[in-house]
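>>> fold the stuff below for me.
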Amino acid sequence: MEEIESACKLANIHDTIGSLPEGYETPCGSIGGQFSDGQLQRLSIACVLLRKPHLLLLDESTSALDAESEKLFEEALEKTSKGVTVIANAHRLRTIEKASTIFAIDSGICVDQGSHDELVARNEE
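I've put the predicted structure just below:
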């Protein structure tokens, strides 16, 4: 249970779960109808963190999160992704700024790649 709570804290969903009538033991049904889209996204993130994957694919992983939750998710991802290959599809620059390699895709073609700083420097030229 400690590991579950730790993952939920990293995903910023622990307090929400704690406020439920039976906390972590509250039945939530197969589709979690009592949760908002952002809460469901944070629950999904917690589940991923529990699995400790070697490869993590993220598709607009912060799209349903408010700014504070997005920041907390980014911090949690940074803490938990050591030794993990993360492939992220993102439209928000902030989501991928700290990535070691960013691939810029235009019409399905990779038009550039590099770190955030490298891409910015080339774009300024």
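>>> now the residue nearest the centre of the chain: closest residue in space, sequence neighbours ignored.
Centroid-nearest residue in the chain: residue 61, 4.8 Å away (criterion: CA atoms, centre = their mean). Residue nearest to residue 61 in three dimensions, not counting chain neighbours: residue 88, with 6.5 Å by CB to CB, 6 or more residues apart in numbering. Where you see a C-beta, it was placed from the backbone N, CA and C, and this is true even at glycine.
>>> OK, contacts around the one you found?
By CB atoms under 8 Å, 6 or more residues apart in numbering, residue 88 lies in contact with 57, 58, 59, 61, 95, 96, 99.
>>> as a markdown table, these with secondary structure, pLDDT and distance to residue 14 would be great.
Shown next, in a markdown table, are the contacts of residue 88 (DSSP: H, G, I helix; E, B strand; the rest coil; pLDDT from 0 to 100; distance: CB to CB, whole Å):
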| residue | secondary structure | pLDDT | distance to residue 14 |
| --- | --- | --- | --- |
| 57 | strand | 84 | 24 |
| 58 | strand | 81 | 21 |
| 59 | strand | 80 | 24 |
| 61 | coil | 72 | 18 |
| 95 | helix | 72 | 22 |
| 96 | helix | 77 | 26 |
| 99 | coil | 82 | 27 |
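>>> got a ChimeraX select line for the buried ones in the residues you listed?
Those of the contacts of residue 88 that count as buried under 16 or more other CB atoms under 10 Å are selected in ChimeraX with:
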select :58,61,95,96
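>>> farthest pair within the contacts of residue 88?
Based on CB to CB, the longest span within the contacts of residue 88 runs between 59 and 99 and measures 14.8 Å.
>>> before I go, just wanted to say thanks for your time.
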